[in-house]
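Enquirer: Take this sequence and fold it.
(chains A, B, C, D and E)
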Amino acid sequence: MGTLSIPLHYFLILAAVLFGLGVIGVITRRNAIVIFMSIELMLNAVNLTFVAFSNYLNNVEGHIFVFMVMVVAAAEVAVGLAIIVAIFRLRETVHVDDIRLLKW
Amino acid sequence: MEFLLSIIESVTMFLLVDLSPYLKVFLITNFLMVMVMVLTLLERRISAWIQDRHGPNRVGPGGILQPIADGIKHFIKEDIIPGHVDRFLYILAPMVAMIPALVTFAVIPFGDQMTIPIYDELVTFKFQIADLNVGILYIVGVASLGVYGLIVGGFASNNKYSMLGGLRSSAQMISYELPMGLAIVAVVLLAGSLRLNDIVVDQSSFLHWNVFRQPLGFILFVVAVFAETNRLPFDLPEAEQELVGGYHTEYSSMKFSAFMIAEYTHMITAAALISTLYLGGWQVPGLASLGLPIVAEQLLQILAFAAKTGFFLLVFIWVRWTLPRFRYDQLMNIGWRKMLPLGLLNIIVTAAFVAFV
Amino acid sequence: MEMSSLLNWVTFLPALGALVLLAIPRTETQLVKSWGLLVSLITFLASIPLFIMFDGNSAAMQFTTQMDWIPAIGASYHVGIDGLSILLYVLTTFIMPLAIFASWNSITERVKEYMIAMLILESAMLGVFISLDLILFYLFWEAMLIPMYLLIGVWGGKRRIYAALKFVVYTMVGSVLMLVAIVFLYILNNTYTGAYSFDLMAIMNLKISFSAQIWLFLAFALAFAIKVPMFPFHTWLPDAHVEAPTAGSVILAGVLLKMGTYGLLRFNLTLFPQAWEYFTPLFLWLGVIGILYGAWVAMVQTDIKKLVAYSSVSHLGFIILGMFAMTVTSMQGGILQMVNHGVSSGALFLAVGMIYERRHTREISEFGGVTRVMPVFSAFFLIICLSSLGLPGTNGFVGEFLILVGSYGNYPVFTIVATVGIIFAAAYLLWMFRRVMFGPLTEKNKSLTDLDGREIAIMIPVILMIFWIGVYPSTFTAKTEKTVEALIEKANKAKAEMVIEGRKPILSDFLGE
Amino acid sequence: MHDFIWIIPLMPLLGAIINGLFGHILKGKAGFIASVAVLISFLYTVRAFFIVMDGTIIHNELFTWIQAGDFTAGAAVLVDQLSIVMMLVVTGVGFLIHVYSNGYMHGDRTVGKFFSYLNLFLFSMLMLVMGDNLLLLYLGWEGVGVCSYLLIGYFYEKESASKAGLKAFLANRVGDFGFAIGIFIIFSTIGTITYAGIEGQVDKLMAAGVVTSAALLLFMGACGKSAQFPLYIWLPDAMEGPTPVSALIHAATMVTAGVYMVARLSFLFVRSDVAMMVIVIIGTFTALFAATMALVNNDIKRVLAYSTISQLGYMFIGVGVGAFAAGVFHLMTHAFFKALLFLGAGAVMHSLADETDIRKMGNLYGKIKITALTFIMAWLAISGIPPFSGFFSKDEILAHAFLYSPLVWVFGAIGAFLTAFYMSRLVFLTFFGESRVEPEVEKHIHENPPVMTIPLMVLAVLSVVGGLIGIPAGLAYLWGGENHFANFLSPVFANAASYSEPHHISHALEYGLMAASILIALGGIYLAYLMYIKKAMDPDAIANRFSGAYKVLSNKYYVDEGVEAGILNPIVRFSQWLWHFVDTRVIDGFVNSAGKIVWLLSLIARRVQTGYVQHYASVMVVGVILILAYYIFR
Amino acid sequence: MAIEEILFWFFAVAAVAGGLGVVLHPNPIKSALFLVMTFFALAGEYILLMGHFVAIVHIAVYAGAIMVLFLFVIMLLNVPEETRQGGVWGAMRYVALGLFVFLSFQLSYFGFQDFFGDKQQLVKETEIGTVESIGMSLFSEYVLPFEIASILLITAMVGAIYLSKSKLIIEESKKKKAVEKEDH
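Expert: Numbering: from 1, shown residues only, chains lettered A, B, ... in the order given. Sure thing, here's the model as predicted:
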């Protein structure tokens, strides 16, 4: 039962960087779909930490939770994209700057 | 001499033991490429035969060298990249299309495990490139990547037909991934493990082949696989009449051939899969009773596996030139309204069967 | 039916009437109006035995009922009437029917809501006068605001929203501070006696330190000063009056303003006598400035209602003077003047309402020589004006004279300045009367019709009340005599203690006594 | 006992109420009812007079009017010699004027209202004179003020009439201000306001050193009511009212209320020499001042108004020098002949279609003989020609004034001379000389109906006979050698007399003074005769020579304009400033600005809500970073 | 430098490059593909961490289904490239970058900090990553979350279908179309 030569915090740092990137994507990009993708990126960063900790703590719960996250991500994408399509149909735009009023 | 012998011994040992995985990969890939060439020829010959005409018979005796001719033709043709195209994606698309088809083969077992002494050392030989414990799931995963090639290709060439082709193909492949997955689940239920080898071992006797235990599953899987490989009844993405060339309208020469190779390798993989899952892979009924030496047994198993795969390839080609194309809504209808419920039903029945019997 | 339950009945009868009103369909405006009138009349008639049975020569609370209301925080439904509140209580029930009867024709749309608002307003006002529990008082105090806001806000004149909002926000600011003070008292009471209770009687005999008294006094005083309205806080009154419908301003002037002065007596004097003594000069100054300021500004008004509004500021200034002069005579004068002001300025508003209904304008310049076409009205209007400026023989004189006579003893300087006020009172009222009633009959006023039966029926009780208080005031002063004496005696005792404490009231330094 | 006394004031009140409510129905009969009511109260007054004659003072309390703390004021009546005299004058002259008004106001649209006000006035006047405490005096005081306001402004359609009414009421109100403060001082020092109470504790007032201030303040009230110097401005304008009103209110009764008050509180006034001196000074000054203005005035009623002010000045001199009885006596006689003069003037106006300018009259003697005759009798009385009443009462005052200080007598004499002159001028211009009446008016000059002339005759008799009851001791050898009137009133002024040393006029001095005053009166008349009948000295010429003085006099010393500019306008402008600046801009400014500040703050806050989701996201991220930073660098 | 170390760094660099690509690239399709690249890199990381089942499911779910959905929608809506935004919001980009640097520094700071005592050792061959162990615990201990997840998925499906099919949006867009026709 060898030990992986990579210490845990490598993974954490990687996850942190990815999470940071996700946040940047959400804040700066003005295209709704790209924002969605950045959110996916953030979720994956979280998944990575889960798996890393699950391995470290030798506990299966990390993996279970990764599935939960995936379920949520999938559901989110489904509904989110449906909304974006609906908005596009009404307003011909996916540009976040134009979608700023609750009621046109 | 001994020095020469020892060198040969160490080389062979090195070859057989250390490099065995790489050796296997090399062998299989080349075998596949050859099979693809043969398949193109077969396709055209059989389709001609079905349509009561000769096929290509000019090049070489009986047209055998036709594929080589096509290959060279593709190779020599000028590699045009249209102006209005998104260059990077345009080039990326064919590569991405090729990868999943080849990669899937890594998991398919084409022979049993063999341990033979070489140079007084026992070497076990596994006729399977990588025996992953997630095995079948790996196939499902990679299968889903197949879509990318088409989508990116369709989008990158920036014209209506390819765009529509890309869209249609992605929709089709996603919808048919589900029934395929469900059919596989049923098989896994029976086998009790995700490893493909265990599935094949599980189909020990003739009657135990899944095709008999899982008739509904078998049909579902076959139809789904047809859809996955965009073979005729489901070849909407590059339906000539409607979308000119579908996603590879803008492609020419090597990139077009890459797409064709990808499609045929996909077909071979699919056939191999069907045979491993439902026809007991390398299982030869009554093999043990023949008492052949291990090497001979292995050869026989490999041949059996090849025969089954070949049979299905013929079925593919046969179906292609007989059934008319589905309309798009019919396609979707079958996928979601018919195949999905049947798949669920199949799982429930098998689960009940496994749990209570 | 013994008295205390009658008191509860009378207080909540209008509210019940309002409930019944809900059942009457909106379209039956005539039925709605007559029902409202009937309820308020019954309330008035029921309050008369209360007035008669009230025993003048006992200073204690009478007809009290004490029930647990919110035992968790110790708030009890503790009501009762004494000399201070009996007059104002009956005044409210007396004015309400008149107000409702006066708005018979002027209110045409949303009559049902109007009547409900009026009846609930009456209940709230009656509640204020009888509640002896701080929270109960505060509840009624706030409950009164909403219907009044609606009256001004919905049925008012052009700038009604601004006026209503200003009225409510102004009063709210004050009453919120009062709530803080109530809570402080509540805690103080708890620290001393351990019991949780808002009961006024319990809090009354608390020993509150002088500095605490100062702040509590100020909190209560601000709420009541805004309501009175005292000099700097009065700007909401003219707007509220000008924009309110006739009935609204009658009630506003008749009863709402008295709550401020009543509150000062009921809470500030009884709970914080030392602070009362300490702040007397300040309030006297404000009162006197109020008298002169009100009179002067009233003199130059072009709008009759605004003129009467500012006259209210001036009259209330007299009451403040009477209260803070701390002699039995001046205090009784003050209380009686509260009733007088209620009757006479209420009547003034009724009269102004009547000519407004005919001419739909309140500009004095628009009128002239109205006596020619409306002799009966001019007779009534004359009597009301005379009572308002304090002609002997009418109610205004008795109250005003008692205040001045009583307060001369303690504060001669303030009284002299206040007496100057009665000159200006005559000035602005009769000047207005001359410009409206006398002089050549202008073209526009030719078509005015004289008072009809309804309007005379409203005027007669008011005129009778004016002469009754004017000629035979002892029916009313007798009721308040003992309570006032007890109040002042208690305040003087507290003042005596304060002197021991070494803090001299600032007045003495001011006047160099 | 003597409950009947309450009938005297209540009858006019009843009359007023009846006329008030049913005036428009009664129409003509309203006058009759009013006169009957006054007649009844006059008869009862006579009955009370006989009771008081034999020494008993009637004191009757009906109920306690106001009782609060230690201040009590009962609705009680005190009828002693002084008040019975006043009551006789009030009800007597009142009745005659009521009868006269029947004729005068004949055909007026709202005659019911007129008589109800008149009766109400009588009620207030009676309460004033019969009350037993200062509060009832104050009640009557303001009551008559209101009635004068209503009656002056009776012809309300005339702008000037309603203005005059308001002016009268406000001037009175200023006086009442002083009166009220006086009452407060008295009450706060001795705790009671009944006359008996004050008389009993007057030394306590002396001790407290407030006597002078109380007296002066009360006198201020008197000035307001009796139109003395500073507050006389309302009386000339009061002539806007109907003439009987002027006769009753502005000649006989109301204006004398001030004198009555000083007489009633003689024990108080006597105790402060300063107050007495002030009264004398103001009295003499007003007498002279008003007389000068009367010289040049051409409106018949205004001349009489100024003469009233002047005569009141004399009464105050009388009272001021301590001769309370003389003051009251002159009050009575003045009531008779001044009422007669006014009614006469009314009659003249009536027949000349309400013409008041004497320059458009003349030679009326022949046409309206009775009015002329009665007018002449009153003229002789006022000028102080013996044996008319005016001579005795004025002479009595001048005698006492001489004792007080000869200077006062000199001024008094000059006043008398002027009075004689302007009255003669008035008479000559109206009744004698050539007729300056417009032709069409001249055609239908007619003698007034009996209902008007009879009261004139009665009053004429009274003006003649009235003087006899108060003949000074010196001449009174026929009637037991002492001044009956003075004796009659002596018990009322006993306290005052005991305090100040008695004056004794030597007979010789008295005769001398009498002779002097007769000469002065005759001189005044002769001068007027020369100017207006003989045209020896042309009045216009004199007017031109002294044009400056003439203009000042004819414009009434510009007092009205002075008051207007000096007091009224500044107050109005100050109030305008108060309203527009202080009220709306300052106080409302604060209130509204509080609202605006909140609005401005919220404007800034609003900008944070941009609607961009990303901004909110970035804010959240910054939040997370800060929290983490906290944990790291803690 | 063991093979794992090399692999880790390879995958890490790929993931970060992919991440940057997603965030910075103007063309949505390209950023989508970068994202796919990140997914593969992460799958690699999972395998390193012995999370075989998770890796494969990750590929199948994310790369296979979700990204296809993204591409599908991007192509359907023909989303244009983003233009650089001037003015204040342009500056946001740099602010964001600054934030990113600081945020990731902070998070990694925690990683570096020796929370867990000795050097955190990761186990190479463990049983937890396999399908069996996950399957066992998923259907024993965590069956409730599993059911809830299924419900969530169903609701998401219903939601997506309703949104795309709702008459309201369709009519509105038709109306808009009609209006546009008249304009031209």
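Enquirer: Domains in chain E, by residue range?
Expert: E:1-83, E:86-126, E:142-184 (automatic domain parsing).
Enquirer: which of those domains is buried the deepest?
Expert: Of all the domains of chain E, domain E:1-83 has the most neighbours on average by mean count of other CB atoms under 10 Å in any protein chain shown, namely a mean of 21. For glycine as for every other residue, the C-beta is placed from the backbone atoms N, C-alpha and C.
Enquirer: what's near enough to touch the residue in the stretch 251-400 of chain C that chain A sits nearest to?
Expert: As assessed by CB to the nearest CB, chain A sits closest to residue C:252 within the stretch 251-400 of chain C, at 41.9 Å. By CB atoms under 8 Å, 6 or more residues apart in numbering or on different chains, residue C:252 lies in contact with C:148, C:237, C:240, C:241, C:244.
Enquirer: Can you name the residues that contact the second one?
Expert: Applying CB under 8 Å, 6+ apart, we find residue C:237 in contact with C:229, C:252, C:257, C:309, C:310, C:312, C:313.
Enquirer: low-scoring stretches of chain D, by residue?
Expert: D:1, D:472-482, D:501-503 (pLDDT under 70).
Enquirer: for it, what's the longest helix?
Expert: As assigned by DSSP state H, the longest helix anywhere in chain D is helix D:159-190.
Enquirer: circling back to that earlier point, to residue D:95, which of the domains of chain E lies closest?
Expert: For residue D:95, the closest of the domains of chain E is domain E:142-184, at 97.4 Å, according to CB to CB.
Enquirer: Report whether that closest one contacts chain B.
Expert: No - judged by CB under 8 Å from any CB of the partner chain, domain E:142-184 stays clear of chain B, getting no closer than 11.4 Å.
Enquirer: mean confidence score for that domain?
Expert: For domain E:142-184, mean pLDDT rounds to 84.
Enquirer: Quick one: distance of that domain to the chain centre.
Expert: Relative to its parent chain, domain E:142-184 has a centroid offset of 22 Å by CA atoms, centre = their mean, to the nearest Å.
Enquirer: who in chain A is up against chain D?
Expert: So far as CB under 8 Å from any CB goes, chain A lies against chain D at A:23, A:26, A:27, A:28, A:30, A:35, A:96, A:97, A:100, A:101.
Enquirer: all helices for chain E, in order.
Expert: Along chain E, the segments classed as helices by DSSP H run E:3-24, E:28-48, E:52-58, E:67-77, E:87-112, E:131-139, E:143-165, E:167-183.
Enquirer: swap in chain A?
Expert: So, for chain A - with DSSP H - the helices run A:8-28, A:32-57, A:61-91.
Enquirer: By mean pLDDT, which helix or strand of the chain comes out lowest?
Expert: The chain I'm using is chain A. strand A:3-4 (a mean of 69; mean pLDDT, DSSP states H and E).
Enquirer: not quite, I wanted chain E
Expert: For chain E, counting by mean pLDDT, DSSP H and E, that's strand E:122-123 with a mean of 66.
Enquirer: where are the low-confidence patches of chain A?
Expert: Checking chain A against pLDDT under 70 turns up A:1-3, A:104.
Enquirer: same thing but 80
Expert: Along chain A, segments meeting pLDDT under 80 span A:1-9, A:91, A:93, A:97-104.
Enquirer: And the residue of it that's closest to chain C?
Expert: Taking CB to the nearest CB, chain A has residue A:103 as its residue nearest chain C, at 26.9 Å.
Enquirer: Could you tell me how far that residue is located from chain E?
Expert: To chain E, residue A:103 is 13 Å away according to CB to the nearest CB, to the nearest Å.
Enquirer: next one: phi and psi at the closest residue to residue D:175 other than its chain neighbours?
Expert: Nearest non-adjacent residue to residue D:175, counting by CB to CB, 6 or more residues apart in numbering or on different chains: residue D:224, 1.4 Å away. The phi/psi pair for residue D:224 (degrees, to the nearest 10) reads phi -60, psi -50.
Enquirer: hang on, residue D:224 packs against residue D:180?
Expert: No - Residue D:224 is not in contact with residue D:180 according to CB atoms under 8 Å; the separation is 11.1 Å.
Enquirer: Minimum distance to chain D, which residue of the stretch 101-250 of chain B gives it?
Expert: For the stretch 101-250 of chain B, CB to the nearest CB, closest residue to chain D: residue B:155, 27.2 Å.
Enquirer: got the contact list for that residue?
Expert: B:86, B:89, B:162, B:163, B:166, E:29, E:71, E:75.
Enquirer: Residue A:65: which of these is nearest?
Expert: Among the contacts of residue B:155, residue E:71 lies closest to residue A:65 (CB to CB), at 27.6 Å.
Enquirer: now the helices for the stretch 251-400 of chain C?
Expert: Using DSSP state H, counting those that start in this stretch, the helices of the stretch 251-400 of chain C run over C:257-263, C:270-271, C:273-299, C:304-324, C:328-359, C:370-373, C:375-389, C:395-410.
Enquirer: could you dump the ones you listed to a markdown table with mean neighbour count, mean pLDDT and distance to residue C:23?
Expert: Below are the helices of the stretch 251-400 of chain C laid out as a markdown table (neighbours: other CB atoms under 10 Å in any protein chain shown; pLDDT from 0 to 100; distance: least, CB to CB, whole Å):
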| stretch | mean neighbour count | mean pLDDT | distance to residue C:23 |
| --- | --- | --- | --- |
| helix C:257-263 | 25 | 91 | 31 |
| helix C:270-271 | 20 | 86 | 42 |
| helix C:273-299 | 23 | 90 | 45 |
| helix C:304-324 | 27 | 92 | 35 |
| helix C:328-359 | 26 | 91 | 30 |
| helix C:370-373 | 21 | 86 | 43 |
| helix C:375-389 | 23 | 91 | 37 |
| helix C:395-410 | 28 | 90 | 40 |
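Enquirer: What subset of the residues of chain A next to chain D is buried?
Expert: A:23, A:26, A:27, A:28, A:30, A:35, A:96 (16 or more other CB atoms under 10 Å in any protein chain shown).
Enquirer: Quick one: those residues as a markdown table, columns for distance to chain C too.
Expert: Below are these laid out as a markdown table (distance: CB to the nearest CB, whole Å):
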| residue | distance to chain C |
| --- | --- |
| A:23 | 45 |
| A:26 | 44 |
| A:27 | 42 |
| A:28 | 46 |
| A:30 | 43 |
| A:35 | 44 |
| A:96 | 40 |
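Enquirer: For chain E, tell me which of these show up nearby.
Expert: Among those, the residues lying close to chain E (CB under 8 Å from any CB) are A:23, A:27, A:28, A:30.
Enquirer: Could you tell me which residues within the longest helix of chain D count as buried?
Expert: Using 16+ other CB under 10 Å as the test for burial, helix D:159-190 gives D:161-190.
Enquirer: Could you check the angle that helix makes with helix C:395-410?
Expert: Calculated by axes from the mean of the first three to the mean of the last three CA atoms, to 10 degrees, helix D:159-190 forms an angle of 40 degrees with helix C:395-410.
Enquirer: near chain B, which residues of chain E?
Expert: E:29-30, E:33, E:36, E:52-53, E:56-57, E:59-60, E:63-65, E:67-68, E:71-72, E:75-76, E:130-131.
Enquirer: do that again at 6 Å, thanks
Expert: Within chain E, the positions adjacent to chain B are E:52, E:53, E:56, E:59, E:60, E:64, E:68, E:71, E:72, E:75, E:130, E:131 by CB under 6 Å from any CB of the partner chain.
Enquirer: Find the pair from those residues with maximum spatial separation.
Expert: E:75 and E:130 (37.7 Å).
Enquirer: Contact partners for residue B:74?
Expert: By CB atoms under 6 Å, 6 or more residues apart in numbering or on different chains, residue B:74 lies in contact with B:253, B:254, B:257.
Enquirer: burial count for the first one?
Expert: Applying other CB atoms under 10 Å in any protein chain shown, we find 15 residues neighbouring residue B:253.
Enquirer: and the gap between the closest residue to it other than its chain neighbours and residue D:498?
Expert: Counting by CB to CB, 6+ apart, residue B:77 is the residue found nearest to residue B:253 once chain neighbours are left out, at 3.6 Å. In this view, residue B:77 and residue D:498 are 154 Å apart by CB to CB, to the nearest Å.
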